[in-house]
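*Asks:* Next one to model:
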Amino acid sequence: MKFCILGYTKDQRTDTEVVYAQIGISEYLELVGEDFDRFEIQRKRQDPKKYTRLKEDTKKGALLPPITLAINPSKVSEFNETLKSKNSEKLKIDLIKSSDLYILDGLQRSYIIKDLIDEGVTFKTDQTLLIEIWFESKIEHLIYRLIVLNSGQKPMSMRHQVELLFTTLKTEIEETIPDLNIYVEKDSQIRSSAKKFSFDRIVNAYYSFLTKSPEVKRDNLIVQKLNEDDILSSNEEELNESYNHFINYLKKYCELDVKLFRAYSSEVKGPNFKNWLADENTLKGFFSAIGRYASDDKKRDRIDKALENLIQSFSDSIKDPLYLEKFAEIKSGIDPKRYNVGNETRRLIMDGFREFFFEGGESSFEECWKNSAR
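*Replies:* Numbering: from 1, shown residues only. Modelled structure (predicted):
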């Protein structure tokens, strides 16, 4: 394989090792694998027509902009000694063997290369591609880099940055929460058990948690930008603390999901809410409520108490302390001629949980839904 290490450097702020390399463009897919989009979950392929000029230029031998890759954080330690010794030959061999390379920036360029190869195009003999490889194992550095630093360097939305973050942390999150299964939508998995959530919905839940809003695409773009600017002005410690809070509440959410799924799994007739907590509206509403209310330790203690009480309250005598039939009744009363039903549903869920948290779990959800109805 025409692949060589060009140099080594280090991000002095985060102490992240970075390697620059050059590879033959025709051999790039051998390095990242032909299923290179296996980590790209929600970042759909863009309309190829938008890249017609770039594709034609590449076919003629144009040098593509560098592509940025990253090693799976859980595998970075395996490269430490080689990076320390700057043994380029060994590093090259290890990278070629590795199946843990992620594309951080360059997905559309990768699609172009694959298309040209599939079409039988023969690249120029000396046509190469520059790549930048990041070796970062610490979650807090990844959060800071992907959400804050990249936003100032690349024309990506913050939502896109959150996708990148969770792409690299998916396995670690699943290991942190036992039996959690974050699946890719294209896998078309049927939700046959609790603790199964699509990747995209977990990403949206975190985004809603950060922005304190159940709307990923707000009608009011000014408000959305102000919310995102607040996040982007956070320092590394604040972002890491926020991420840890999210994971803690995701863990509790999974516990609640187990209880609810079990309570409704035996239903034969009538409404079946066993997958209610896996619904995108519910995830957005719940985590935006957490984001809005959990501003300090005292309020987080109240949320923790409320959630623990809710989880414990599931029993044979009280099948559903969430009063989802009452929720469904109120939701059915939303007038589609006056309101966007999706927006109103998310708002109802967010306000219902905020009401429940404010009361420390002392009020019944029946009352919380009623009080939150427009």
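
*Asks:* Next SSE downstream of the least confident helix or strand in the chain by mean pLDDT?
*Replies:* Ranking every helix and strand in the chain by mean pLDDT, DSSP states H and E puts helix 221-232 at the bottom, with a mean of 47. Sequence order places helix 236-264 as the next helix or strand after helix 221-232, per DSSP states H and E.

*Asks:* What mean pLDDT does that next one get?
*Replies:* In this model, helix 236-264 has a mean pLDDT of 89.

*Asks:* Kindly report the same for stretch 15-23.
*Replies:* 94.

*Asks:* and it, how far out from the chain's middle?
*Replies:* On the basis of Cα atoms, centre = their mean, to the nearest Å, stretch 15-23 is displaced by 25 Å from the centre of the chain it belongs to.

*Asks:* domain parsing for this protein?
*Replies:* 3-136, 141-372 (automatic domain parsing).

*Asks:* For these, which has the smallest mean pLDDT value?
*Replies:* Here the domains of the chain differ in mean pLDDT, and the lowest is domain 141-372 at a mean of 81.

*Asks:* sorry, back to before: how about the domains of the chain in CSV, adding mean neighbour count?
*Replies:* (Glycine included, C-beta is placed from N, CA and C.) Shown next, in CSV, are these (neighbours: other Cβ atoms under 10 Å):
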stretch, mean neighbour count
domain 3-136, 16
domain 141-372, 17
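
*Asks:* For residue 137, see how far away residue 83 is.
*Replies:* 11 Å (Cβ to Cβ, to the nearest Å).

*Asks:* now swap in residue 100 and tell me
*Replies:* 12 Å.

*Asks:* what's the answer for residue 99, then?
*Replies:* Residue 99 is 17 Å from residue 137, by Cβ to Cβ.

*Asks:* How about the secondary structure of the residue in the chain sticking out farthest from the centre?
*Replies:* Taking Cα atoms, centre = their mean, the residue of the chain most remote from its mean C-alpha position is residue 125, at 39.1 Å. Secondary structure state of residue 125, per DSSP: H, G, I helix; E, B strand; the rest coil, is coil.

*Asks:* Which residues are in contact with it?
*Replies:* Neighbouring residues of residue 125 by Cβ atoms under 8 Å, 6 or more residues apart in numbering: there are none.

*Asks:* and the gap between it and residue 112?
*Replies:* On the measure of Cβ to Cβ, residue 125 and residue 112 end up 19 Å apart.

*Asks:* residues in contact with residue 101?
*Replies:* Residue 101 touches 31-33, 69-72, 95, 133, counting by Cβ under 8 Å, 6+ apart.

*Asks:* swap the cut-off to 6 Å and go again
*Replies:* 32, 69 (Cβ atoms under 6 Å, 6 or more residues apart in numbering).

*Asks:* Identify the bridge partners of it.
*Replies:* On DSSP bridges, the residues paired with residue 101 through beta bridges are residue 71.

*Asks:* gap between it and residue 5?
*Replies:* Distance of residue 101 to residue 5, given as Cβ to Cβ: 15 Å.

*Asks:* repeat for residue 192
*Replies:* 46 Å.

*Asks:* So which residues make contact with stretch 328-341?
*Replies:* Contacts of stretch 328-341 (Cβ under 6 Å, 6+ apart): 271, 344-345, 369, 373.
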